[in-house]
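In: My questions concern the predicted model and sequence given below.
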Amino acid sequence: MFEQSVRERLAQLDHGASPVSTSAPTLKITIASVQISELERGCFWGVNATAAASLWVGQKNIWSEVAESKSTHLHRYLDYLANPNLYAQDFREVANDLARQLINGPIR
């Protein structure tokens with residue numbers, strides 16, 4: 001989902017490659033960090049992550065972005081233990097926000 005969102009945005013961009021270029025564009029996506037950590041005092045935990053994407057034609061980097069996101073729903077650690085689906089919900093929220101930020105910029 002994350003990669004598809006980035007690819008759709010890149011299809012809209014003029015990557016500036018020379019018309020005689022024989023190199024196919026290469027998309028590089030890096031997930032720099034993903035973690036569950038205490039985000040607010042009082043034992044409220046959430047997901048935070050950092051990702052980057054770049055587009056290369058041959059040896060030339062023609063587009064790149066970096067994004068960071070934190071989940072907007074904080075849970076107590078015991079909530080995660082009682083309901084493991086909260087992990088998936090929070091990770092999905094952060095992944096969607098990272099892809100959106102890489103495409104549209106850091107507005108949440």
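Out: Structure received.
In: May I have the phi/psi pair for Gln101?
Out: Per-residue torsions, Gln101: phi -60, psi -40 (degrees, to the nearest 10).
In: Let me see the contact set for the closest residue in space to it that isn't next to it in sequence.
Out: Excluding the flanking residues, the one nearest Gln101 by Cβ to Cβ, 6 or more residues apart in numbering is Ala67, at 3.7 Å. All C-beta atoms are positioned from the backbone trio N, CA, C, and that covers glycine. Shown in contact with Ala67 (Cβ atoms under 8 Å, 6 or more residues apart in numbering): 50-52, 97-98, 101-102, 106.
In: so can I have TSV of the residues you listed showing neighbour count, secondary structure and pLDDT?
Out: Converted to TSV, the contacts of Ala67 look like this (neighbours: other Cβ atoms under 10 Å; DSSP: H, G, I helix; E, B strand; the rest coil; pLDDT from 0 to 100):
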residue	neighbour count	secondary structure	pLDDT
Thr50	16	strand	94
Ala51	23	strand	93
Ala52	16	strand	93
Asp97	19	helix	90
Leu98	25	helix	90
Gln101	18	helix	90
Leu102	24	helix	86
Pro106	13	coil	73
